[in-house]
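> predicted coordinates and the sequence they were generated for:
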Amino acid sequence: DEFPGGNIVLYVHYIDEENPKLSLTVKHVSSVKSPKTVGDLLEEFLSLYGEKFSLGLPRHRAVISNGIDEIKNSRYLPVCFENMADVFLKINEEKKEGSMESKSSYKAKSKAQKTERKRIAKDKKRFPEKKLVAKFQEGMKQQQSGLLKKAYEIFHRVSKKCESFPEHPIANQLLNICLEAMGSIHLANKKFREAEKIFSRVPEEKRSLRGWFFLGRSYFGIKNYKEAVRCFGNAKEKVGKGQDAKETTWDIDVWIGRSVYKSKPTSNLPIEIFEKVLKESPQHAMATLQYAQVAVDRGRGSDALGHILQTLIHCSQTLKNKVDGDTVKLAQRLFAQVIAAPGMVDILLRTIASAAQSPPALGYLANVAKENGVIGGCSELLSRAIAISSIKEGSLLNLSLSLVHAEEISMNYQKAFDICKSILAKTPEVKV
């Protein structure tokens, strides 16, 4: 009879058991203008896809199967398949003397593969995606509201449910996101060991920029600086483009510099990293502080003072610049450490602009010194502030009382009493 021609659409599955990454499924459209055999299809597929994907398929051992039985190459395609059919490309093993896979064992293996495919398909249908995504979003709201314990419990429940569907792509993706959220909560609570264990559960090839960065911070917290640098480097490779990307890169570079400094305190590399960031972003608070930290540690407090003051001014605008609390505390601690050295108040006054030498500004710096236990520096700053204050300014009384308190802490009671008498003399309207 005359052959009508047309197209046959096949889904050809190639499963490589030794290297599953080489397995693939291809929608193959075979144009049938004349009677075509299974052997013609096989040759067509091997030529087209074997070379395209560099599979190196051995032609002499390749056969087409319906998942159970091999189909003879001599059979015509219209007889064997209907449109949108699934067929399998099978590579038979090399025939060896005394060993040959029996037909029954091949059928059993094919049946097992078919069962596994059915199970995966069933899992995809059973996975409650909408419900779990909604739960995860609820956990995010709890975390943003500061309810970290409740958020952690929600993320943990969602992750356990996702683990029940290991073959489902959405389940795997949601699991990794939950693990990162759980790890970030441990990190916020400074439980670095627990955070490292959680973040490490996400496969490296699936780990996001955020996952690599937080894992690096976890390693930094447990003093594994070599691994911290590796993780920060991997995070940096995932940064995209644009201004936000630049800021992210600067933050990562600062953490790399911190890690290198912790592992190699005498190295110049950390200073070079911080200087590079500050050249591109002069107001970068953490880079400024880390540069100052190295200078203070190396006995160059006067070099660090300008950077510390710059950061303290930056931190005074916390709401605007969203500076975290740890940065503020570090800036204040470093300032107190520097100002405690003899002669540093004079250097401070030479460093800051005349506009900043106002009584309130010096009072603020004095308070920073006192809160960090540097009472001598606090008293000297308050004395300088009082010296340039006038009675008309409302700050004189408060500054004087603060100085009295500082002298009391130092047990200089006579000096504190003399200051009180001086206050009463200058402000007779004050009643004791």
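Arrived safely, thanks for sending.

> only C-alpha atoms from now on, for both contacts and neighbour counts.
OK.

> with just CA atoms, put stretch 398-412 into CSV.
Only the C-alpha atoms of stretch 398-412 are listed here, as CSV (Å, rounded to 0.1, in the frame of the first residue of the first chain):
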residue,chain,number,x,y,z
ASN,A,398,24.5,68.8,82.4
LEU,A,399,28.1,68.7,81.4
SER,A,400,29.2,69.8,84.9
LEU,A,401,27.0,67.2,86.6
SER,A,402,28.4,64.5,84.3
LEU,A,403,31.9,65.5,85.3
VAL,A,404,31.0,65.3,89.0
HIS,A,405,29.8,61.8,88.4
ALA,A,406,33.0,60.8,86.6
GLU,A,407,35.1,62.2,89.5
GLU,A,408,33.0,60.3,92.0
ILE,A,409,33.6,57.1,90.0
SER,A,410,37.3,57.8,90.2
MET,A,411,36.9,58.5,94.0
ASN,A,412,38.1,62.1,93.6
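
> which outside residues touch stretch 189-209?
For stretch 189-209, the surrounding residues in contact (CA atoms under 8 Å, 6 or more residues apart in numbering) are 176, 179-180, 182-187, 211, 214-215, 218-219, 221-222, 234-236, 238-239.

> filter these to the buried ones?
176, 179-180, 182-187, 211, 214-215, 218-219, 221, 234-236, 239 (16 or more other CA atoms under 10 Å).

> excluding covalently adjacent residues, which one is nearest to residue 262?
What sits nearest to residue 262 in space, not counting adjacent residues and going by CA to CA, 6 or more residues apart in numbering, is residue 225, at 7.2 Å.

> next, count neighbours for that neighbour.
23 (other CA atoms under 10 Å).

> give the contact list for it.
219, 259, 260, 262, 263.

> where does the fourth one land in three-state SS?
Just to be clear, that refers to residue 262. helix (DSSP: H, G, I helix; E, B strand; the rest coil).

> what number of residues lie near it?
17.

> show me the shaky parts of the stretch 201-350 of the chain.
Scanning the stretch 201-350 of the chain for pLDDT under 70 picks out 243, 314-324.

> quick one: the helices in it?
For the stretch 201-350 of the chain, applying DSSP state H, counting those that start in this stretch gives helices covering 209-221, 225-237, 243-263, 269-280, 285-297, 301-315, 318-321, 325-339, 344-351.

> could I get the ones you listed as JSON lines with distance to residue 39?
Putting the helices of the stretch 201-350 of the chain into JSON lines (distance: least, CA to CA, whole Å) gives the following:
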{"stretch": "helix 209-221", "distance to residue 39": "48"}
{"stretch": "helix 225-237", "distance to residue 39": "47"}
{"stretch": "helix 243-263", "distance to residue 39": "54"}
{"stretch": "helix 269-280", "distance to residue 39": "63"}
{"stretch": "helix 285-297", "distance to residue 39": "67"}
{"stretch": "helix 301-315", "distance to residue 39": "75"}
{"stretch": "helix 318-321", "distance to residue 39": "70"}
{"stretch": "helix 325-339", "distance to residue 39": "71"}
{"stretch": "helix 344-351", "distance to residue 39": "87"}
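
> so for residue 378, which of these sits nearest?
Evaluated over these, closeness to residue 378 peaks at helix 325-339, with 8.8 Å, by CA to CA.

> got the CA positions of that closest one in PDB?
Extracted C-alpha coordinates of helix 325-339, given in PDB (Å, rounded to 0.1, in the frame of the first residue of the first chain):
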ATOM      1  CA  GLY A 325      24.500  47.500  66.500                       C
ATOM      2  CA  ASP A 326      27.800  45.500  66.400                       C
ATOM      3  CA  THR A 327      29.400  48.200  64.200                       C
ATOM      4  CA  VAL A 328      28.300  50.900  66.700                       C
ATOM      5  CA  LYS A 329      29.700  49.000  69.700                       C
ATOM      6  CA  LEU A 330      33.000  48.300  67.900                       C
ATOM      7  CA  ALA A 331      33.400  52.000  67.000                       C
ATOM      8  CA  GLN A 332      32.800  53.100  70.600                       C
ATOM      9  CA  ARG A 333      35.100  50.500  72.000                       C
ATOM     10  CA  LEU A 334      37.900  51.400  69.600                       C
ATOM     11  CA  PHE A 335      37.400  55.100  70.400                       C
ATOM     12  CA  ALA A 336      37.700  54.500  74.200                       C
ATOM     13  CA  GLN A 337      40.800  52.300  73.600                       C
ATOM     14  CA  VAL A 338      42.500  55.100  71.700                       C
ATOM     15  CA  ILE A 339      41.500  58.000  73.900                       C
END
